[in-house]
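Asker: what follows is a predicted structure for the sequence shown.
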Amino acid sequence: MKRALIGFTAVLSCLLMLSGCTASTSKTDDGVNEEKQEEVQEEVQEEIHEEVKEESKLDSIPFEDGQYYAAAYLGYQEMDDISYYTEQYLDDDNVPVHYFSDGEYYLIIPRYSDMELTLLKNDMETMTSTEVYEESDCKPFIIQCNVSDIFPDATVRLTYEGNTVEFSPYLSLMDGSVQIGENGLDITMS
């Protein structure tokens with residue numbers, strides 16, 4: 001990859017030098033040649049930017065329209081093997097863990113890197129929520145919550161381009177299914 005990038009950069013440098021030479025020797029009565037040269041340079045810069053951009057494992061998540069995050073249930077009081085999710089979906093092994101209570105573990109993966117994250121702690125006695133964490137450039141994270149199976153004690157709020165979604169991850173008492181809200185994608189291994 002590095003050799004290809006170096007070779008591409010060398011070829012690009014030669015092209016830019018040649019285009020600079022031809023532009024200085026050509027006649028430009030109305031600036032058409034200068035305009036064309038600027039267009040070519042912009043196209044080449046865009047190609048370089050795309051070539052340098054690394055692929056992310058996050059791109060492999062099959063998001064659909066209206067889905068702002070992916071989530072996976074990882075276990076109760078102990079995380080099951082997270083290596084599957086690290087290998088499949090995460091670019092970094094160091095995933096922060098936000099502790100709410102000694103309960104269920106969930107992996108949350110935001111769809112967009114520049115999403116704003118707010119974590120709220122829900123109080124069962126007062127039925128209020130208190131903001132406990134905020135981040136403007138959200139990365140994947142793990143949350144431990146829900147010491148009680150009758151009340152989700154954490155709310156995740158994600159905001160992207162003026163749209164805000166909230167959910168409280170929990171396991172259904174009816175069938176044990178993972179509940180992550182209507183705007184999420186459940187990627188829990190079966």
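Answerer: Thanks, I have it.
Asker: for this structure, which spans come out with low pLDDT?
Answerer: Applying pLDDT under 70 to the chain flags the ranges 1-33, 35-54, 190.
Asker: show me the strands in it, by range?
Answerer: All strands of the chain, identified by DSSP state E, fall at 69-76, 97-99, 104-110, 116-123, 128-135, 141-145, 154-160, 163-167, 170-171, 178-179, 184-186.
Asker: now do the fourth one: everything it contacts.
Answerer: Judged by C-beta atoms under 8 Å, 6 or more residues apart in numbering, the contacts made with strand 116-123 from elsewhere in the structure are 98, 100, 110, 128-136, 138, 141, 143, 151-160, 168. Using the backbone N, CA and C atoms, a C-beta is placed for each residue, glycine as well.
Asker: quick one, which of the residues you listed are buried?
Answerer: If you count burial by 16 or more other C-beta atoms under 10 Å, the buried members of the contacts of strand 116-123 come out as 98, 100, 110, 129, 138, 141, 143, 152-160, 168.
Asker: so who does the closest residue to Ser101 other than its chain neighbours touch?
Answerer: Once flanking residues are discounted, Ser101 sits nearest to Val147: 3.7 Å by C-beta to C-beta, 6 or more residues apart in numbering. By C-beta under 8 Å, 6+ apart, the contact set of Val147 is 101-103, 153.
Asker: how far away is Asn183 from Pro152?
Answerer: 16 Å (C-beta to C-beta, to the nearest Å).
Asker: report how many residues lie close to the closest residue to Phe63 other than its chain neighbours.
Answerer: Distances taken as C-beta to C-beta, 6+ apart put Arg111 closest to Phe63, at 5.5 Å, once the chain neighbours are dropped. By other C-beta atoms under 10 Å, the residues close to Arg111 number 18.
Asker: Arg111 against Gln67, yeah?
Answerer: Yes - between Arg111 and Gln67 there is a contact under C-beta atoms under 8 Å: 6.5 Å.
Asker: OK, contacts around the nearest residue to His98 once chain neighbours are set aside?
Answerer: Closest residue in space to His98, ignoring its immediate chain neighbours: Ile143 at 4.9 Å, by C-beta to C-beta, 6+ apart. Residues in contact with Ile143 (C-beta under 8 Å, 6+ apart) are 97-98, 100, 105-106, 108, 119, 154, 156, 169.
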